[in-house]
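> 3D model of this:
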Amino acid sequence: MRVVSSALVLAVLLSPSLAFGQDPSGMQMPMPSGHDHQMPGMPEHPLGIDQTRDGSGTSWLPDTSPMLGLMRQRGSWMLMVHGNAFVQYIQSSGDRGDEQFGSINWLMAAAQRDVAGGPLTFRAMFSLEPLTVGRCGYPTLLATGEECRGEPLHDRQHPHDLFMELAAQYRRAISGHLAVEVYGGPVGEPALGPTAFPHRISAMPNPIAPVAHHWLDSTHISFGVVTGGVYGHKWKAETSIFNGREPDDQRYNIDLGALDSYSGRLWIMPTSRLALQVSAGHVKDAEVAADGSPESINRITASLTYHAMVNNRTSATTVAWGQNREPHHATSAFIAETAVDLTRSGTLFARGEILQKSAAELVLPLDDDELFTLSKAQVGYTRWIAEGRTLKVGVGGVVGVSIVPTEIRSFYGGRTPAEFAAYVTIRPQQ
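Here you go, the predicted structure:
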C-alpha cells in the first residue's frame, strides 16, 4: 500500500499538466521574494513589516527570506498555497538500519483578509505521510520519540499527522510602532523554539528530519494552542498555553487535551538578514517514561537564522541549541544547518548535530538514565531539472554518517553507521 501511494504521489509530481499548467482563469501567480514586495489586494501587514518574515505558527524568519507559494485574489480574500514534497528511497546501515521507499510531504493553505483594521488569516496544513511512509514512519539513524503500536520508536522518524495545522491568526497595529497578535486553534504551534524544520529555508531541501527535533520544535503540531503577542518593528514578545502531549499513532484524528503547558518567546531582528530567538516552556506529559507513565519536561531553546538573497538565489543558515530538563536528568542538543542555491539549477545543503540521549530514549537494554553523546552529519545536493511558471522539480541525494560512543557500538554494528537517500522533489518557485 505504501509503495502504491508513493507511486501515485510520484505520478502527480511528474505530471506536466499539474506541475506546469496554468490555471484557466490566469489568476494564479508566484509569490514574490525578497524585501518590500506586497501583492496587490493583500491586506497590509501591521507596522509595514514584510510578510516574508512569517514562519511557522507565529515564528519569524529574516525579512530577506524567499516567499514560496501560489496566490490568488478572490474578492476581499487573498488565498495562498504552499507545500513541499519528496518521493524518496532511504537506506540506513548497521544493525539498527532499515530501508524504505516512500514520500515525505506537506501542503499548506491560507486565506487572508482585512478585518477591523488588521489582517485575519485562517491556515490549514496537511500531510499524507501516515499513508506514504506508514504508521511507524521512515528509517533514519538516532531518531527517537513517540510510539508505534505500543512500542517506543527508535532509529525512525515518526510521520506527521494528517492535520498539521488548523488555526487562525489576527494582527493589528495599536500605534505606529506597536502591534498585537492573537493566534490559536485545535492544531497549531506554540511560541517555543525556532521556526519548525519543515518551514525553515535552511532545512527545506533535506527530506530527512533533524535528530534534534525533539529538543527544539517538536511542539509544532500541538492539538490545542492559544498564543498572544506584542511586537514592534524589530522585536516580538509572545506567550502560549497549549496541549504539550505527543499525538498517538492514530495519525488521522485530532488528539485534543487540556491546555496545561505554557511557554514564552522573545524575537530580536537586528537586521533584515538576521532573526534571533530565545524561548522556554513547561511541556506537560511530553514524554513517556520507561515504566509507561507520562513525564513533563522544561525546555529552553535559542537560535540564530541568517538569510541572504542575491540575484534571486538564497543562502540560509540556522544554528540552534535546546535543552530538555526531565525529572531524572537534563539533555541538550545543538544543530547547525545550511542551504545554498549555488546556481539557479543547483542547491547544496548540509547539517551537523550533536546531542545527548538516554538509554531509555534509544531503547537500549541498559540503565535507563545512562546518557550518551551522539553526533550526525549530512550533506546533500538537489539538481532542479525542470521548472514552470509556479513549480519546479528536482532530483537529488543526501548522505549521512552517525557517530555513536564505544559503549553502544555493538547495538549499531560499529561507531559510524551511515545512511543514504535519493529522491525526486517538487516545490513552489520563489
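
> Break down the stretch 1-150 of the chain into its helices, ranges please.
Taking DSSP state H, counting those that start in this stretch, the helices of the stretch 1-150 of the chain run over residues 2-13, 16-19, 129-132.

> Show me the strands in the stretch 51-200 of the chain, by range?
In the stretch 51-200 of the chain, the strands defined using DSSP state E, counting those that start in this stretch lie at 70-74, 77-92, 99-115, 118-126, 138-148, 151-157, 163-173, 179-187.

> Other residues contacting the next helix or strand after the last one?
Yep, that's strand 179-187 we're talking about. Counting by DSSP states H and E, the next helix or strand C-terminal to strand 179-187 is helix 213-216. Identification of contacts with helix 213-216 by CB atoms under 8 Å, 6 or more residues apart in numbering yields 143-145, 157, 193-194, 197, 210, 299, 301, 303, 320, 322-324, 331-333, 335, 355. (C-beta placed from N, C-alpha, C; glycine too.)

> again, only this time at 6 Å
Here helix 213-216 makes contact (CB atoms under 6 Å, 6 or more residues apart in numbering) with Gly145, Gly193, Thr301, Ala320, Gly322, Asn324, Ala333.

> if we can go back for a sec, would you single out the least confident of the helices of the stretch 1-150 of the chain?
Per-segment mean pLDDT for these reaches its minimum on helix 16-19, at a mean of 40.

> Among the contacts of helix 213-216, which are located in strands?
Of the contacts of helix 213-216, the ones assigned to strands by DSSP state E are Gly145, Thr301, Ala320, Gly322, Asn324, Ala333.

> need the contact list for the fourth one.
Spelled out, that is Gly322. Residues near Gly322 by CB under 6 Å, 6+ apart: Trp215, Leu216, Thr301, Ala333.

> at 7 Å what do you get?
Gly193, Ala212, Trp215, Leu216, Arg299, Ile300, Thr301, Ser332, Ala333 (CB atoms under 7 Å, 6 or more residues apart in numbering).

> Can you tell me how far it is from Glu147?
Here Gly322 is placed at a distance of 22 Å from Glu147 (CB to CB, to the nearest Å).

> Let's test this: mean pLDDT of stretch 282-289, rounded?
The model assigns stretch 282-289 a mean pLDDT of 85.

> Using PDB, write out every CA atom in that stretch.
C-alpha atoms of stretch 282-289 as PDB (Å, rounded to 0.1, in the frame of the first residue of the first chain):
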ATOM      1  CA  HIS A 282       6.900  23.800  30.500                       C
ATOM      2  CA  VAL A 283       5.600  20.900  28.400                       C
ATOM      3  CA  LYS A 284       3.100  18.800  30.400                       C
ATOM      4  CA  ASP A 285       3.300  15.000  29.900                       C
ATOM      5  CA  ALA A 286       5.600  15.500  26.900                       C
ATOM      6  CA  GLU A 287       7.400  12.100  27.100                       C
ATOM      7  CA  VAL A 288       6.700   8.600  28.300                       C
ATOM      8  CA  ALA A 289       8.900   7.200  31.000                       C
END
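
> Show residues contacting that stretch.
Taking CB under 7 Å, 6+ apart as the rule, stretch 282-289 contacts 147, 219, 244-246, 260-262, 294-299, 326.

> what sits against the residue nearest to Ser92 when sequence neighbours are not counted?
Spatial nearest neighbour of Ser92, excluding adjacent residues (CB to CB, 6 or more residues apart in numbering): Glu419 at 3.8 Å. Counting by CB under 7 Å, 6+ apart, Glu419 touches Ile90, Gln91, Ser92, Ser93, Thr140, Leu141, Gly400.

> Which strand residues bridge Glu419?
On the basis of DSSP bridges, Glu419 is bridged to Ser92, Gly400.

> repeat for Asn324
Beta-bridge partners of Asn324, as defined by DSSP bridges: Arg299, Thr331.

> Verify the stated contact: it with Ile297.
Yes: with contact taken as CB atoms under 7 Å, Asn324 and Ile297 are classed as touching, separated by 4.8 Å.

> picking up where we left off before, go through the contacts of Glu419 and name the one nearest Trp60.
Thr140 (28.1 Å; CB to CB).

> Apart from its neighbours in sequence, what residue is nearest Glu165?
In space, Glu165 is closest to Met125, 3.7 Å off (CB to CB, 6+ apart).

> Pairing partners for that neighbour in the sheet, please.
Beta-bridge partners recorded for Met125 (DSSP bridges): Met108, Glu165.

> ok, now Pro139?
Under the criterion used (DSSP bridges), Pro139 bridges to Arg156.

> Just give the number of residues close to it.
22 (other CB atoms under 10 Å).

> Ok, Val395 next?
Neighbours of Val395 (other CB under 10 Å): 14.

> in the sheet, who's paired with it?
Beta-bridge partners, per DSSP bridges, of Val395: Arg383, Val424.

> Who are the contact partners of it?
With the criterion set at CB under 7 Å, 6+ apart, Val395 makes contact with Arg383, Ile385, Val424.

> hang on, the earlier thing: by neighbour count, which of the contacts of helix 213-216 wins?
Gly193 leads these on contacts (other CB under 10 Å) with 31 neighbours.

> Chain neighbours aside, what residue packs nearest to it?
Asp217 (4.2 Å).

> low pLDDT regions in the protein?
1-44, 289-292, 430 (pLDDT under 70).

> please redo it, this time with the cut-off set to 50
11, 13-41 (pLDDT under 50).

> circling back: Throw the strands of the stretch 51-200 of the chain into JSON lines and include distance to Ile254, thanks.
Below are the strands of the stretch 51-200 of the chain laid out as JSON lines (distance: least, CB to CB, whole Å):
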{"stretch": "strand 70-74", "distance to Ile254": "27"}
{"stretch": "strand 77-92", "distance to Ile254": "21"}
{"stretch": "strand 99-115", "distance to Ile254": "16"}
{"stretch": "strand 118-126", "distance to Ile254": "12"}
{"stretch": "strand 138-148", "distance to Ile254": "16"}
{"stretch": "strand 151-157", "distance to Ile254": "21"}
{"stretch": "strand 163-173", "distance to Ile254": "6"}
{"stretch": "strand 179-187", "distance to Ile254": "6"}
